[in-house]
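J.: Sequence first, predicted coordinates after that:
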Amino acid sequence: MRRFLLRRVLLLLPILWGVATLVFLLIHLTPGDPVEIMLGETALPAAKTALRARLRLDLPLLTQYGLFLGGLVRGDLGNSFVTEEGVAGIILRTLPATVELAAAALAIALLLAIPLGTVAAVFPGRLADRAAMGAALLGLSVPNFVLGPLLILTFAIGTGTFPVSGREEAASVVLPAITLGLALAGILSRMTRASLLEVLTREFVTAARARGLPERRVILRHALRNAAIPILTVLGLQAGALLTGTIITETIFSWPGLGRLTLQAIQSRDFPLVQGCVLTIAAIYVLVHLATDCLYAWADPRIRYDA
Amino acid sequence: MRSRLLLLGTALLLALLAWLALLAPLLAPAPPTQQVLQEGLQGPSLAHPFGQDRLGRDVLSRILFGGRVSLTVAVLAVGISLTVGVLIGAAAGACGGWVDEGAMRAVDILQAFPGILLAIALAAILGPSLTNVILALSAIGWVGYARLARGQVLVVREAEFVAAATALGAGPGRLLFRHLLPNILGPITVEATFGLAGAVVAEASLSFLGLGAQPPTPSWGAMLNEGRQYLLVAPHLTLFHGLWVTATVLAFDLLGDGLSAILDPRRR
């Protein structure tokens, strides 16, 4: 297990390097001059030259790339064009809010998906199955930019149960977390159903039933744990959707996290900040994949990765 | 039998949505950009069944015309992704060696990115326009099709009919287009149907964030973003746009489900 982990962590480095290079090229090779965008087309040439020198945009591309990678290694993501504050610091400040939102969304998704998928798999083809899967399909088809405003309309403006936006109260997280987590709940409950249906045909389930175990115990203790791997895989794959979903969800609910920061950076053409945000999200995404792989070993003792 | 009925119903719903978009100029109660400022934010009425927006424009007309934008972007983005992805994936699977290695490493790096994030970054850097939305969505979209096509080709390549065709002297081009591609159409059609749902959502997301269609072009995402600012006084903006987008996405998802049930023998 330790060797497996070490190998996976080492494998992370070339992927992160590739991602960093892609982000760098994306920002530096595509049309659109940040200096012109910041100062406006009518700015004096001297002012443009001065700013370009200050932002080190006058150096050859390869030198800029070297400086960028060198900074990355030291954890220095450069300074924001707009506030001149360190990018790493800004990101670290917003990260806890996003982690809180994503964790709440994940909790909601799992709390909805596992029971729904299990009920559907235990009564395949029956009314409960169809109702559960209909709900799942609806959940994954409602885009977050539709769901968010509808939830605000109903539960914030309508009944006044939850705050409209911000992160001042503990209850503030509920509506954004539902907005972010419902699509994931839809996908996971479909996967839970499919995986559990498959597991329920296996011999050890028949054996457990033959030994006279109550059906509850057969499903909860024996079948569900064995159905976990495909569910975990989907969960890992969907982490990216969850992370990028925060860009829209946080914007709708004025949630002060990384997603809203990313959009604000994009809108103000703050390239170092865009670069930092995109890299951070991509890095979290890659790390979540690694964590998913490690969870496999926990869910299925046969996987040991030592071979 | 029931699933086939559902599939038929879904296909009809999609055809209806497409027709409504296509015939928008004939069906819309008013031109989508015609402003009646003194009637701004009016709720539904006989003359304007879905109400009016901030500038007094007819919401139903804007939804119908928005459908043309949304569906065109989705079809073009999926079309480009599909063509590029299937060609690259099939070539990688059929050639093997360094072609396969190179293509799959590129796929790995692109998949290390959450797709829509890359699209957002691309659209932001290229500048907000519908052409750039199509470009951005295609740039991330081809990866999934490439991986799928490669996997399918690897499976089909070992089949006896391919060996037979090779024995009869078929070259790589003929093998690819006459023998391999027709045999992988099923899974790819299913993937493309879900891809259309994804592209509709992605286009609307980008427009919602101000990175897609620019005013006064009617776009579902942009209109939902505007509606968000008037939730208190004009909830009909959010309601009708939201319902329409959701119905469209749901229809594509249902069609994808139905097709995969029919085309994938294991799911029967």
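T.: Structure's in. What do you need?

J.: Can you name the residue of chain A nearest to chain B?
T.: Residue of chain A nearest chain B, by C-beta to the nearest C-beta: residue A:240 (3.2 Å). C-beta: built from backbone N, CA, C; applies to glycine.

J.: for that residue, what are its contacts?
T.: With contact taken as C-beta atoms under 8 Å, 6 or more residues apart in numbering or on different chains, residue A:240 is in contact with A:285, B:113, B:114, B:115, B:117.

J.: Please pick the buried ones from those residues.
T.: Taking 16 or more other C-beta atoms under 10 Å in any protein chain shown as the criterion, what is buried in those is A:285, B:113, B:114, B:115, B:117.

J.: quick one: which helix or strand includes the nearest residue to the last one once chain neighbours are set aside?
T.: Taking C-beta to C-beta, 6 or more residues apart in numbering or on different chains as the measure, residue B:117 lies nearest to residue A:244, with 4.6 Å between them; neighbours along the chain are not counted. Take DSSP states H and E as the rule and residue A:244 turns out to sit in helix A:228-252.

J.: Output the contacts of residue A:240 in a markdown table; the columns should cover pLDDT and distance to residue A:114.
T.: Shown next, in a markdown table, are the contacts of residue A:240 (pLDDT from 0 to 100; distance: C-beta to C-beta, whole Å):
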| residue | pLDDT | distance to residue A:114 |
| --- | --- | --- |
| A:285 | 83 | 23 |
| B:113 | 73 | 29 |
| B:114 | 73 | 24 |
| B:115 | 76 | 26 |
| B:117 | 81 | 28 |
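
J.: Keep only those of these that are in helices.
T.: In helices, defined here by DSSP state H, the members of these are A:285, B:115, B:117.

J.: and the helix holding residue A:244, which residues are buried?
T.: For helix A:228-252, the neighbour count (16+ other C-beta under 10 Å) marks A:228-229, A:231-236, A:238-252 as buried.

J.: ditto for stretch B:185-204
T.: Neighbour counts using 16+ other C-beta under 10 Å place B:186-188, B:190-204 of stretch B:185-204 among the buried residues.

J.: rewinding a little: could I get the ones in helices among the contacts of residue A:240 as JSON lines with distance to residue A:158?
T.: As requested, those are exported to JSON lines (distance: C-beta to C-beta, whole Å):
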{"residue": "A:285", "distance to residue A:158": "36"}
{"residue": "B:115", "distance to residue A:158": "34"}
{"residue": "B:117", "distance to residue A:158": "33"}
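
J.: Just the closest of those to residue B:67, please.
T.: Proximity of the ones in helices among the contacts of residue A:240 to residue B:67 (C-beta to C-beta) peaks at residue B:115, which lies at 23.7 Å.

J.: from memory the closest one sits against residue B:142, does it?
T.: No. Using C-beta atoms under 8 Å, residue B:115 makes no contact with residue B:142, being 10.7 Å away.

J.: which regions of the chain sit below the pLDDT cut-off?
T.: Going with chain A. Residues of chain A meeting the criterion pLDDT under 70: A:1, A:30-33, A:37, A:297-307.

J.: Let me rephrase: I mean chain B.
T.: B:1-2, B:264-268.

J.: Let me see the ranges of the helices in it.
T.: B:2-22, B:24-27, B:59-95, B:97-111, B:115-126, B:130-157, B:160-167, B:172-174, B:181-183, B:185-208, B:220-228, B:235-263.

J.: Of those helices, which is nearest residue A:13?
T.: Closest among the helices of chain B, using C-beta to C-beta: helix B:97-111, at 12.9 Å.

J.: how deep is residue A:161 tucked in, by neighbour count?
T.: For residue A:161, the neighbour count with other C-beta atoms under 10 Å in any protein chain shown is 11.

J.: Which residues are in contact with residue B:214?
T.: B:128, B:129.

J.: just residue A:23 next, same as before
T.: Residue A:23 neighbours (C-beta under 8 Å, 6+ apart): A:275, A:278, A:279, A:282, B:121.

J.: Please identify the helix or strand for it.
T.: helix A:2-29.

J.: roughly how far is the very next helix or strand once past that helix from the heart of the chain?
T.: Downstream of helix A:2-29, the first helix or strand assigned by DSSP H and E is helix A:34-39. Its chain's C-alpha centre and that of helix A:34-39 lie 31 Å apart, by C-alpha atoms, centre = their mean, to the nearest Å.

J.: for residue 56, phi and psi?
T.: Going with chain A. phi 60, psi 30 (degrees, to the nearest 10).

J.: meant chain B, my bad for not saying
T.: phi 80, psi 10.

J.: That one contacts residue B:37, correct?
T.: Yes. Between residue B:56 and residue B:37 a contact is recorded at 5.4 Å, counting by C-beta under 8 Å.

J.: Compare these two and say which is more crowded by neighbours.
T.: Using other C-beta under 10 Å as the criterion, residue B:56 and residue B:37 rank with residue B:56 on top: 17 against 9.

J.: Grab the nearest non-local neighbour of that one.
T.: For residue B:56, the spatially nearest residue (C-beta to C-beta, 6+ apart) is residue B:36, at 3.5 Å.

J.: before we move on, what about residue B:216?
T.: residue B:33 (4.7 Å).

J.: So that neighbour versus chain A, what's the distance?
T.: Distance, residue B:33 to chain A, by C-beta to the nearest C-beta, to the nearest Å: 23 Å.

J.: That residue touches residue B:57, doesn't it?
T.: Yes. Counting by C-beta under 8 Å, residue B:57 is a contact partner of residue B:33 at 6.6 Å.

J.: Specify which residue of the two has the higher count of neighbours.
T.: Neighbours of residue B:33 and residue B:57, each counted by other C-beta under 10 Å, are more numerous for residue B:57; the result is 23 against 15.

J.: thought the residue nearest to residue B:56 was touching residue B:48?
T.: No. Using C-beta under 8 Å, residue B:36 and residue B:48 do not qualify as a contacting pair, with a distance of 9.4 Å.

J.: More neighbours: these two, which one.
T.: A count of neighbours by other C-beta under 10 Å puts residue B:48 above the other of residue B:36 and residue B:48, at 22 against 14.

J.: which residues does that one contact?
T.: Contacts of residue B:48 by C-beta under 8 Å, 6+ apart are B:29, B:30, B:42, B:58, B:59, B:60.

J.: can you tell me how far it sits from residue B:217?
T.: Separation of residue B:48 from residue B:217 (C-beta to C-beta, to the nearest Å): 20 Å.
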